[in-house]
Each structure stands twice: as structure tokens, then as C-alpha cells.
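> sequence and computational prediction follow.
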Amino acid sequence: MSRYDSRSADPASYRERRSDSGFVHKGEYDGSRSSSSAKREYEGGALSPPRKLELDGLTPFEKNFYSESPAVASMSESEVEEYRRRREITVEGKNIPNPVKSFSDVNFPEYVMQEIAKAGFTEPTAIQSQGWPMALKGRDLIGIAETGSGKTLAYLLPAIVHVNAQPFLAPGDGPIVLVLAPTRELAVQIQQEAAKFGASSKIKNTCIYGGVPKGPQVRDLQKGVEIVIATPGRLIDMLESHHTNLRRVTYLVLDEADRMLDMGFEPQIRKIVDQIRPDRQTLYWSATWPKDVEQLARRFLFNPYKVVIGSPDLKANHAIYQHVEIMSENQKYNKLVKLLEDIMDGSRILIFMDTKKGCDQITRQLRMDGWPALSIHGDKSQAERDWVLSEFRAGKSPIMTATDVAARGLDVKDVKYVINYDFPGSLEDYVHRIGRTGRAGAKGTAYTFFTAANAKFAKDLIKILKEAGQKLSEALGIVEGVMAEAVLGTKEDCIYCIFEGSFSYREMGYYC
Ligand code: AMP
């Protein structure tokens, strides 16, 4: 079945249905739009928040595709509550739809259902179960779920339904769906899911990211693609050189949204979002969601739903065994080698470092010592990064060292161990990094080297370990005690003594 077959035969039916958005459009739906008139329509208007925007003159589009199946509609309030409780789903917002329990409860096109069957999925994951009806209703959405929870399909499958219902692309039109991702690796991975699940439709997609020649990307854009997955920098480049435009975008996704908003991407995001019509549907997805990011995020959203899977507090995947070892900086390499000797059985091991230089140094040393290690970081060319990742994915080089460029969103099957050689710069990154293992129902193990320089993270790290039911090493328990004292302003220096191993807890008599 082509994507066109699944559209309603009568475009007027779109016109008659009103979305939940609350926007009132005065323009007439005519089923087609020229790029130049669209340009006139949107230019100059998108800088203010959506609520205040004058939407007169904007051609309406359809974004509410949800029709509740009888099985879902008949769920009683207590059934819904019980289901959400069991799957750890928390929801916020007005008119929240019931969760769906099976794939057949959602009206996905036949070819999507076939791909789901082919993939061997048995039921929607928690984020899909609540996220699909929300996204299909056309409302803005903040979706928070840990890595490996099926987030990508939670927004991609509704995106396919959304594209199916829009007028065809005309020559010169840009995409209908725009997915922004913070790293090239994540963007490529999203594209692979988009290609797989949209394969038998006529929906075209492309991935726009820096570090590779622009030619092929420009050609894709000029041919016309319904879905663009992009990193912000290269997309802005393409927009400024008029290789594409965002006038047709009506479904906008920010993946790993917290990183997109807090790591210096905000001006770029703003620049991009300002070019998109204000009554678009906007969906934010993330594994972690600091409070200050939420404040920022809400500026780009209108009347959003929020769905959180698991505890709204920062939380690691419980399928990961987390081991934290306290040591001094100069013990690290020997500890690493010892650990590798213990665990190396040909499984994939991902080792995180702080810096590109450190990454190169340790990798060189490991290779000199005979370990099959390759490294990936931002100073490597895209071709090299792709090659390293494919060697790692294929298991040909089972050890990969990386900076945080590989911390988020990467879905490599069967990473058995994650080692934090250097502790990351935030607890959010810690959760993301260790989330590279224990994916899609598998168990995983994370080892973390913790030094005096990381002492400020001890308290929050302990919280994460406790929440995940991990055994705390004695040393961390001590650190926690000392930290408690340090907070009271008594003996901050104790932390350093313990980490350097110069005193035992007992010898110190608690305080130095
Ligand atoms: P993500 O959280 O999007 O990175 O997804 C992690 C993995 O889960 C991917 O390999 C998906 O193909 C897989 N996945 C997505 N949806 C489901 C599902 N309903 N059942 C089982 N696996 C799934």
C-alpha cells in the first residue's frame, strides 16, 4: 500500500475535524500550496510564542488523527489507573487519552503493522502505549523515558501517519516532519528506524549532519523529502544557502531535547524553530529532564501533554548492574587493564573518557598492550567515526573508547559493559552513558572509576544507585557519611583523604 492509499479520499474531511490545539484558522484549505505564497504567509510571524500569534492567512492542516479503538475507549478509570501504575506511566495535561494496550489499538497503516510484526515486537513499550495516542491527537508533547525504551518509534510512527495526511510535496517544498538530534550518530540511527518503518511507503527521508560533503544531502533535499532528520548546525547551513526551507514543517521533534536546549544549542534551535509555522505540532523527547530545561522548553510548546515513564527523578535503567570503584587518578589505567582481563570475553565494551586527548592516549596505550580498541570522538572525521562505529557494531573491534559524543541515544545491540574511565560532567550524562548497555530487555553492567575530583557528584550518584537497588560499596557509604558532614561545613578535606587512600575511615575516627 502506498502512503497515498491510506489518506482519506476527501480532503474536506480534514477541514471538518478540528484539532485540540485551540487555534482557529480562517484560511481555506485548498489541498495545495505554492512555496511562494507559503513564504509570504509565515515570514515575520514566528518569533512570538504561539499563543499570541495571529494565524489568519495560514493554510490549516490536519494534525489530529486519533480515533480511539472500542477496546481502549471501554477501559474504566480504575483500569486506566492500574495500567499506568503497573507500567510506571505518569501523565500531565488536559484531556489525556487512555493508553493503548496493543498495536492493533492504534490505526497505523498496514505497512507499518507489517514492519512491527517483522521486528517481532509483541506489545507497545510504556512510552509508546501512552505516547502514541497523545502524539496522534496532534497535541504538543514532552515525553520522558529512559534510553532503550522505544522512544524513537514513539514519535516516528505518528510522524508517518501525519505525513500521510498532508498534501503532496510540491517542487521546492521542504520537509513535513523535522527531527532534530544533537549528534550525527543519533541522527543516523533515527534515520535507520525511519527508513525501516517507512520503507514500504513512499515516504522519503534524509539525514542532514555536518562533517561530510554537502552534495548528496543537497541532492536529497532538492528531490523532496517528507522527513528530515538533522543536527542543528548543518541544517542552518542548508537553510541559509536556500537548499531547503521549513515552510511545510508541521511536525517537529527534538530528540534528546534536554541536551539540545541546555548545551549551547538553544540559539540554533531558536533560529530553526522561528522558521516553522507556530501552529505546528512540537514533540520533545528525552531520557532526562532537569527542571531548568523544562522552563525553557515550555516556551516552544503550546498546551503540551507530558508523559514520564518511571520516576520523574533522575533514574538509571534497573537492568544495569552499576559498580563504582573509588581510586586515584594514577591508578586508573592499571585498574582498567585488570578489569578488562576479568571481563573480556569478546563482548562489546564501551569506555567513556572526558577528553578527546585522553581518549586517544588510552586507546593508543590499550592497542600497544594488545587490546582490540578503537576510539570515537568529535575530532575524528565523519568517515572515521562511521567506520569505528560499524566495526564496533559488527563486533570486529569489541572495545570502543569514546567521549560523550557516544553517550546519548546510541543503540548498539549487545554492549555488555560500559566503563566510565572518567566520571562524566553531570549525573544526566552518567545515566545516558550507562544506558548504552542493558538495552531492549537485556542486562548490562557499568563500571565507574570515581576519584577525589568527582566528590561533588557522590551524593547524587548514591541516590541513583540506591534508587536502582544497587549495593553500595563500603567506600561510597563512607563518602556519603563524610559528604553529610561536609555539607554541615565541618571536615570537607576528609573526602580527599579517603579518595587518596591515605587514611581509613576508622583511623580517622570519622574526622581527620
Ligand atoms: P530507542 O529507545 O528508540 O532507542 O529504542 C530501543 C530499541 O527498542 C530499538 O532497537 C527499537 O527497535 C526497540 N523497540 C522499539 N519499540 C519496541 C517494542 N514495542 N518492543 C520491543 N522493542 C522495541
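Yes, it's here.
> doesn't residue 254 belong to a strand?
Yes. Using DSSP: H, G, I helix; E, B strand; the rest coil, the secondary structure at residue 254 is a strand.
> list the contacts for it?
When contacts are counted by C-beta atoms under 8 Å, 6 or more residues apart in numbering, residue 254 is found next to 180, 260-261, 269, 282-285. Using the backbone N, CA and C atoms, a C-beta is placed for each residue, glycine as well.
> low-confidence ranges in the stretch 401-512 of the chain?
Within the stretch 401-512 of the chain, the stretches with pLDDT under 70 are 406-411, 472-512.
> would you map the helices across it?
Applying DSSP state H, counting those that start in this stretch to the stretch 401-512 of the chain gives helices spanning 427-434, 458-467, 474-487, 493-500, 505-508.
> and the second one, how far out from the chain's middle?
Just to be clear, that refers to helix 458-467. 23 Å (C-alpha atoms, centre = their mean, to the nearest Å).
> mind listing the strands for the stretch 351-500 of the chain?
For the stretch 351-500 of the chain, strands defined by DSSP state E, counting those that start in this stretch occupy the ranges 373-376, 399-402, 415-420, 444-450.
> of all these, which one comes closest to the ligand?
strand 415-420 (12.2 Å; C-beta to the nearest ligand atom).
> which ones are touching residue 288?
Counted by C-beta under 8 Å, 6+ apart, residue 288 has contacts 144, 258, 314, 428, 431-432.
> one step back: out of the contacts of residue 254, which sit inside strands?
Counted as lying in strands by DSSP state E, out of these, are 180, 282-285.
> output these as JSON lines; include the columns distance to residue 438 and neighbour count.
Formatted as JSON lines, the ones in strands among the contacts of residue 254 follow (distance: C-beta to C-beta, whole Å; neighbours: other C-beta atoms under 10 Å):
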{"residue": "180", "distance to residue 438": "26", "neighbour count": "25"}
{"residue": "282", "distance to residue 438": "30", "neighbour count": "23"}
{"residue": "283", "distance to residue 438": "25", "neighbour count": "27"}
{"residue": "284", "distance to residue 438": "24", "neighbour count": "28"}
{"residue": "285", "distance to residue 438": "19", "neighbour count": "26"}
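> closest to the ligand among these?
residue 285 (8.8 Å).
> hey, what's the closest one bridged with?
Taking DSSP bridges as the rule, residue 285 bridges to residue 143, residue 255.
> shouldn't it be in contact with residue 149?
No. Contact criterion C-beta atoms under 8 Å: residue 285 and residue 149 do not qualify, at 9.9 Å.
> sorry, back to before: ok, and the most crowded of the contacts of residue 288?
Within these, most neighbours by other C-beta atoms under 10 Å means residue 432, with 27 neighbours.
> buried stuff in stretch 170-186?
For stretch 170-186, burial by neighbour count (16 or more other C-beta atoms under 10 Å) applies to 172-186.
> for residue 443, which non-adjacent residue is spatially closest?
Once flanking residues are discounted, residue 443 sits nearest to residue 319: 5.2 Å by C-beta to C-beta, 6 or more residues apart in numbering.
> and the one you found, how far is that from residue 306?
According to C-beta to C-beta, to the nearest Å, residue 319 stands 25 Å off from residue 306.
> please name the bridge partners of the residue nearest to residue 470 when sequence neighbours are not counted.
Closest residue to residue 470 in three dimensions, ignoring its sequence neighbours and counting by C-beta to C-beta, 6+ apart: residue 322, at 4.9 Å. In this structure, residue 322 bridges to residue 446 when assessed by DSSP bridges.
> now residue 322: how far from residue 212?
As judged by C-beta to C-beta, residue 322 and residue 212 stand 36 Å apart.
> before we move on, back to that, JSON lines please, covering the contacts of residue 288 and showing distance to the ligand.
Listed next are the contacts of residue 288 as JSON lines, based on distance: C-beta to the nearest ligand atom, whole Å:
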{"residue": "144", "distance to the ligand": "12"}
{"residue": "258", "distance to the ligand": "15"}
{"residue": "314", "distance to the ligand": "17"}
{"residue": "428", "distance to the ligand": "16"}
{"residue": "431", "distance to the ligand": "14"}
{"residue": "432", "distance to the ligand": "12"}
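> tell me the secondary structure for the residue in the stretch 151-300 of the chain that the ligand sits nearest to?
As assessed by C-beta to the nearest ligand atom, the ligand sits closest to residue 152 within the stretch 151-300 of the chain, at 3.2 Å. Applying three-state DSSP to residue 152 yields a three-state assignment of helix.
> that one: what's it in contact with?
189-190, 193, 255.
> cool, residue 444 as well?
Contacts of residue 444 (C-beta under 8 Å, 6+ apart): 317, 319-321, 415-418, 434, 437-438.
> what distance do you get for it to residue 238?
Residue 444 sits 37 Å away from residue 238 when distances are taken as C-beta to C-beta.
> same question for residue 333.
43 Å.
> who has more neighbours out of these two?
residue 238 (20 against 15).
> quick check: which element contains the more buried one?
Taking DSSP states H and E as the criterion, residue 238 maps to helix 232-240.
> what helices or strands is that helix leaning on?
Helices and strands touching helix 232-240, as assessed by 3 or more C-beta pairs under 8 Å, 6 or more residues apart in numbering; DSSP states H and E, comprise strand 205-208, helix 215-223, helix 266-273.
> wait, isn't residue 373 in contact with residue 402?
No. Shown here, residue 373 and residue 402 do not form a contact pair, counting by C-beta under 8 Å, at 10.6 Å.
> ok, those two, which is more surrounded?
Taking neighbours as other C-beta under 10 Å, residue 373 and residue 402 compare with residue 402 leading, 27 against 21.
> near the ligand, which residues of the stretch 101-250 of the chain show up?
121, 124-125, 128, 147-153 (C-beta under 6 Å from any ligand atom).
> can you list those residues in CSV and add distance to residue 201 and pLDDT?
Shown next, in CSV, are those (distance: C-beta to C-beta, whole Å; pLDDT from 0 to 100):
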residue, distance to residue 201, pLDDT
121, 18, 94
124, 20, 96
125, 22, 96
128, 19, 97
147, 27, 73
148, 26, 79
149, 25, 87
150, 20, 92
151, 21, 93
152, 17, 94
153, 15, 96
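> now restrict those residues to buried residues only.
Among these, those classed as buried by 16+ other C-beta under 10 Å are 124-125, 128, 147-153.
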